[in-house]
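# Generate a structure from the sequence data that follows.
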Amino acid sequence: MKESLFFLVIFIVISCDFKKDNKVFENDKLKTEIKINKDTIISKEKIELEYNFKPQIDDYLVVDHLNCQIINNKSLVFISPTEKQIAEMKKENVDDFYTIADDMNYYFSQHIEFADSLKVNIINNSKRKLEFITDDNDSYVVDLDRNDKGKLSEWTMIGFNPEKKPIFIDILEPDFSHMIEYFKEIEFFDTNVIDNLLIDFIYKNDKQDDFRLALKLREKYKFEIFELLEKSTTDIIFSNLENTRLLMNDSIAKKHLNTNGTEKLIVFNKNQEVIDTIQRNQFEYYQGMIDSYFVATYNLEKKEYSDRYTIISLNDEHRIEINKGKRIRNYQEGLSKKLLASLSFNTDYLYPSFYFMNKKDTIKIISFADYKKGGEKLYLFQNSILRDSLINSFVIRHITPVPIETNDEYIFISSVGIPETDALWDILTGIDKEKIKFSFYETNRLNKKDTLDKRKK
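Have a look, this model is predicted:
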């Protein structure tokens, strides 16, 4: 494959009458002899004048998937000129063409050595449309001949990490530190090292500009503690016919409410991009017409016209690797019913179903009611194989990916509820990468002590 990559360029170079020096490159079982004319290498400045365009991958994406070269592994793709482009360049200036081809051959050889050090595959393009498929089964089709945003140079490189979107790489002046960051294996933190990491939503306060984070009690519910917290309120901050906000005593709130990790938060938008870092203002008691709860409040300067944002507690002691979580899709109702029927499950009512891709596997999350056997059921499938189930519990109304994973689990926030009641809440959810099992973290903190286990025994 690598020999075919350089066959055209090497053939052009060795067909010239220039005096050559030899350079030998070894790569695993392949040894390729690349001839470099160091005396006639054109200056970088001259090449940059002709190849100084900096393309962006989004400008070359198309929706047409026909006649594409499929790339689905970690790769560095070398783009070489077509026969038509070679003829046009020779017609313009044959000497310059051979010199530039010689130089590009040299630069490509340097990139091969670097790619090998990162254990990245080397691929030569065989078609003018390349389809890059990620681990989440997302597709990016790059049309090398699209030129409405600028014509690509005849020699081009594209990097692809299946966990990310493909990128163009500068042949002449590559940013190697960026390439290392782009191609490296994602390292997820160990929950034994970073304990009690808070992952949750903040919601916009009704008819106000600030946001609130719901807090849970440190211990099991007792009326006496709830009454004490309620009586610790002082000033009325806001009040209307629908709700009242009351300021709470800081020391009492910290003693009885789980406030760990609420002082500083990282805020993410719906695209899982960091938009702000915020600090806690105060503790309040929020009295609504339907719900009443204790909250911490925050001001968000860089809000994007949303009433809800994902947050992760800011940990100053440990570096947290931020990466986009699995893309969640809605699973078709008809397919859910067909799968359940094939397993002889009675389905009186089907709630929204979801799925995400785990490499080549489809992980499906299906909630439904079975009134004959009683209660709601939450099932987790790997392809069509049932891997986990919870019964007589809650149902999942919506799932939101979060930009973090552990070594063992994919992490989500599930918006759950109990049917035919007003009980709705958000719960941190993990799905084991190998065992395909649920974990539900009651305090929305990554702490195995707080997992809720209602599996069918």
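# Domain boundaries for the protein, per the record?
Annotated domains of the chain cover 2-183, 197-313, 329-452 [automatic domain parsing].
# Any chance of those in CSV with mean neighbour count as columns?
C-beta here means a position set from N, CA and C on the backbone, and glycine is covered the same way. CSV is the format used below for the domains of the chain (neighbours: other CB atoms under 10 Å):
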stretch, mean neighbour count
domain 2-183, 16
domain 197-313, 16
domain 329-452, 17
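# Switch the ones you listed over to JSON lines; also include distance to Ile322 and mean pLDDT.
Formatted as JSON lines, those follow (distance: least, CB to CB, whole Å; pLDDT from 0 to 100):
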{"stretch": "domain 2-183", "distance to Ile322": "12", "mean pLDDT": "74"}
{"stretch": "domain 197-313", "distance to Ile322": "7", "mean pLDDT": "88"}
{"stretch": "domain 329-452", "distance to Ile322": "5", "mean pLDDT": "87"}
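# need the longest strand for the chain.
strand 274-288 (DSSP state E).
# Give the pairing partners of that one; include direction for each.
Note on strand 274-288: by DSSP bridges, its sheet partners are strand 243-247 (antiparallel), strand 264-268 (antiparallel), strand 292-298 (antiparallel).
# Packing partners of the host helix or strand of Ile363?
Using DSSP states H and E, Ile363 falls within strand 361-369. Helices and strands touching strand 361-369, by 3 or more CB pairs under 8 Å, 6 or more residues apart in numbering; DSSP states H and E, are strand 329-331, helix 333-342, strand 349-350, strand 353-358, strand 376-382, strand 395-405.
# circling back: for the strands paired with strand 274-288, give me TSV that also has distance to Ile112.
TSV is the format used below for these (distance: least, CB to CB, whole Å):
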stretch	distance to Ile112
strand 243-247	63
strand 264-268	37
strand 292-298	50
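# what's Thr131 in contact with, if anything?
You called it Thr, but residue 131 is Glu. 65, 68-71, 139-142 (CB atoms under 8 Å, 6 or more residues apart in numbering).
# that's a helix at it, yeah?
No. Judged by DSSP: H, G, I helix; E, B strand; the rest coil, Glu131 forms no part of a helix; its state is strand.
# For it, give its distance to Lys373.
For Glu131, the distance to Lys373 (CB to CB, to the nearest Å) stands at 46 Å.
# Check Asn323 too.
Taking CB to CB, one finds Asn323 at 40 Å from Lys373.
# so where does the most centrally placed residue in the chain fall, helix or strand?
For the chain, Lys324 is the residue whose C-alpha lies nearest the centre (CA atoms, centre = their mean; 1.9 Å). For Lys324, there is no host helix or strand (DSSP H and E).
# Next one, pLDDT for it please.
Turning to Lys324, the model gives it a pLDDT of 75.
# isn't it right next to Gln272, touching?
Yes. With contact defined as CB atoms under 8 Å, Lys324 and Gln272 form a contacting pair (4.7 Å).
# tell me, what's touching those two both at once?
With CB under 8 Å, 6+ apart, Lys324 and Gln272 have common neighbours 401, 403.
# among the helices and strands packed on strand 361-369, which is nearest Thr244?
For those, the distance to Thr244 is smallest for strand 395-405, at 27.3 Å, taking CB to CB.
# Check what contacts the following helix or strand past the closest one and list those residues.
Next helix or strand after strand 395-405 toward the C-terminus (DSSP H and E): strand 409-417. Under the contact criterion CB under 8 Å, 6+ apart, strand 409-417 has outside partners 199-201, 310, 325-326, 328, 356, 358, 394-402, 404-405, 423-433, 439-440, 444, 446.
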